[in-house]
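Undergrad: What follows is a predicted structure for the sequence shown.
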Amino acid sequence: MRQTLITLLFILPWLASAQDSIPSFSLGQAITYALEHNYTAQNAERDILDAQKQKWETIASGLPQINGGVSYQNQLKQPVAQIPAEFFGGEPGTFQEVVFGQPQSMTATATLTQQIFDGSYIVGVQATKTFLDYSQNNKEKTELDVRKSVVEAYGNVLLAQESVLISEKNKATLEENLYETKRIYENGLGDEESVDQLQITLSSVENQLKNARRMEKITRQMLNLVLGLPIDAPTVLTENLDDLTQKQIDLGLIESEFNIEKNVDFKMAANLNEQRFLELKLAKSRALPTLNAFVNYGGNSFSDRFNFFSSGQQWFGSSILGVDLNIPIFSSLQRSASTQRAKIALEKAKTQFTETQSRIRLQLETAKSDYILAIEQYGTSKDNLDLAERIEKKNQIKYSEGLATSFELRQAQTQLYTSQQEYLQSMVDVINKKTALENIINQ
């Protein structure tokens, strides 16, 4: 006994610390956690960083650039030139073979280039800002999708938990009914059909319970995936499905002012228009001249052996300053066709923008209607559940007194089980429909 107490003293603190290490989440905490750890949300954040780097990459292409180069040559067999021999006092009409220069040479250069004017560069810099805005809008849309996924997954876990509890309760009640009915039958006061009817109902409820337990595990894994946790990591949900549903009933949300410019789909459609406009400017800019300047400085050294880095080796310097002007003259209407295609793309984007605005407004009205319907169905299913419970209870009493058949009891029980599932689903629908409406109005 003493040894057992000592063991418990060592084990209990460990169990307490293990319990404390299991993360627990309310719905709000789960959303906050997912926005930071969800895999898709993390990549959306990286997309913004990538867009920022791409913006500087584009800007830097128009700033001064310095490039260096080193070239080494070793003429294993030098070329021979023939020069009239009379230059060296020889016979006229004859030639003297001459080798020019030394076999080994090295050249080192450094070139500074600066873009002075390029229309496509100006448009490119403007486009980087648009692309950054697109990445930020995409991140916002990703966060809304993650939020919706968390709400749905969280609600499904609570639904599965409640389904397990209800199925366990139903199973216990049926097992008690079946036990009593068997005893009555064995004593010769009942019929075998009553036993069979209850056995059928019990088997069905047992299957539902097994499925509910499997679904509870699967929905927890789905929630963990959305949260960015290992799928088998233990978690504790601190919300209650009924209380959470009550919090999500807010009819004032339906009457709230809607600013379409806050809708993320509107922002992305507007962003697409801006991109297409810049693409048109880019196509037009290709007809403009480009002007670039450069400064080059280099040195050459020659030797009959590799001693270019010796202190006494002589280097001969050279430098060039210049500008390059490129003037587009004729492209066989290639630039014209490119510009016309850009115009068509812009007109398509404008049409899509108009369509998007209409679709958003339709989605808003649909989401409001779905939210109202979910609240109404929640109230109806709650009332129906109360009625089904009363009917089942009355049939239980009638059956025990011999005033109702086992078939009538089974019908009442089946109706109760259906009402229970409809009630649970109606609560999840209220939560999900509210989230869908909030995503549209961006609250």
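TA: In hand now; what should we look at?
Undergrad: For the helix or strand where residue 68 lies, give the mean pLDDT please.
TA: Element membership of residue 68 [criterion: DSSP states H and E] is strand 65-74. Averaging the model's pLDDT scores along strand 65-74 yields 93.
Undergrad: Show the secondary-structure elements that the very next helix or strand once past it is packed against.
TA: Scanning the chain past strand 65-74 towards its C-terminal end, the next helix or strand to appear is strand 81-84 (assignment: DSSP H and E). Using 3 or more Cβ pairs under 8 Å, 6 or more residues apart in numbering; DSSP states H and E as the contact definition, the elements that strand 81-84 packs against are strand 95-98. Any C-beta I mention is one placed from the backbone N, CA and C, and that applies to glycine too.
Undergrad: I would like the residues contacting the strand it packs on, please.
TA: The contact list for strand 95-98 (Cβ atoms under 8 Å, 6 or more residues apart in numbering) reads 80, 81, 82, 83, 84, 85, 87, 88, 90.
Undergrad: just the helices in the stretch 101-250 of the chain please.
TA: Per DSSP state H, counting those that start in this stretch, the stretch 101-250 of the chain carries helices over the ranges 119-186, 192-227, 241-248.
Undergrad: which one in the contacts of strand 95-98 is the model shakiest on?
TA: Ranking those by pLDDT, residue 88 lands last with 73.
Undergrad: got the contact list for stretch 361-374?
TA: Judged by Cβ under 8 Å, 6+ apart, the contacts made with stretch 361-374 from elsewhere in the structure are 251, 253-254, 258, 260, 426, 429-430, 432-434, 436-437, 440-441.
Undergrad: Mind doing that once more with 10 Å?
TA: 245, 248-251, 253-255, 258, 260, 263, 265, 425-441 (Cβ atoms under 10 Å, 6 or more residues apart in numbering).
Undergrad: Now tabulate the helices of the stretch 101-250 of the chain in CSV and tack on distance to residue 410.
TA: Below are the helices of the stretch 101-250 of the chain laid out as CSV (distance: least, Cβ to Cβ, whole Å):
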stretch, distance to residue 410
helix 119-186, 10
helix 192-227, 5
helix 241-248, 28
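Undergrad: Could you dump the ones you listed into JSON lines with mean neighbour count and mean pLDDT added?
TA: Shown next, in JSON lines, are the helices of the stretch 101-250 of the chain (neighbours: other Cβ atoms under 10 Å; pLDDT from 0 to 100):
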{"stretch": "helix 119-186", "mean neighbour count": "18", "mean pLDDT": "89"}
{"stretch": "helix 192-227", "mean neighbour count": "17", "mean pLDDT": "89"}
{"stretch": "helix 241-248", "mean neighbour count": "17", "mean pLDDT": "92"}
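Undergrad: So for residue 380, which of those helices sits nearest?
TA: Comparing the helices of the stretch 101-250 of the chain by their distance to residue 380 (Cβ to Cβ), the top pick is helix 241-248, with 13.8 Å.
Undergrad: now the angle between helix 119-186 and that closest one, please.
TA: Angle, helix 241-248 to helix 119-186, by axes from the mean of the first three to the mean of the last three Cα atoms, to 10 degrees: 140 degrees.
Undergrad: Which neighbouring elements make contact with helix 241-248?
TA: Applying 3 or more Cβ pairs under 10 Å, 6 or more residues apart in numbering; DSSP states H and E, one finds that helix 241-248 makes contact with helix 27-37, helix 119-186, helix 334-400, helix 406-441.
Undergrad: hmm, try it at 7 Å
TA: Packing partners of helix 241-248 (3 or more Cβ pairs under 7 Å, 6 or more residues apart in numbering; DSSP states H and E): helix 119-186, helix 406-441.
Undergrad: what about residue 249, neighbour count?
TA: Using other Cβ atoms under 10 Å, residue 249 has 15 other residues around it.
Undergrad: Backbone dihedrals for it, both of them.
TA: Listed backbone geometry of residue 249 is phi -90, psi 110, with angles given as degrees, to the nearest 10.
Undergrad: got it, and the one 10 residues further on?
TA: With angles defined as degrees, to the nearest 10, residue 259 shows backbone torsions of phi -110, psi 110.
Undergrad: could we number from 741 for the rest of this?
TA: Okay, residue one is now 741; in that scheme the one you just asked about reads as residue 999.
Undergrad: do you know how far it is from residue 1009?
TA: From residue 999 across to residue 1009, the span is 15 Å (Cβ to Cβ, to the nearest Å).
Undergrad: ok, these two, which is more surrounded?
TA: When neighbours are counted by other Cβ under 10 Å, residue 999 and residue 1009 differ, and residue 1009 comes out ahead with 21 against 10.
Undergrad: give the contact list for that one.
TA: Each residue near residue 1009 by Cβ atoms under 7 Å, 6 or more residues apart in numbering is listed here: 1092, 1093, 1096.
Undergrad: Find me the pLDDT at residue 748, would you?
TA: The predicted structure scores residue 748 at 48 on the pLDDT scale.
Undergrad: End to end on stretch 829-849, go ahead and measure it.
TA: The first and last residues of stretch 829-849 sit 41 Å apart, counting by Cα to Cα, to the nearest Å.
Undergrad: Spatially nearest residue to residue 910 (excluding sequence neighbours)?
TA: Sequence neighbours aside, residue 945 is the residue nearest to residue 910 in space, at 5.1 Å (criterion: Cβ to Cβ, 6 or more residues apart in numbering).
Undergrad: cool, residue 1092 as well?
TA: Nearest in space to residue 1092, with sequence neighbours left out and distances taken as Cβ to Cβ, 6+ apart, is residue 1009 at 6.3 Å.
Undergrad: Thank you, goodbye.
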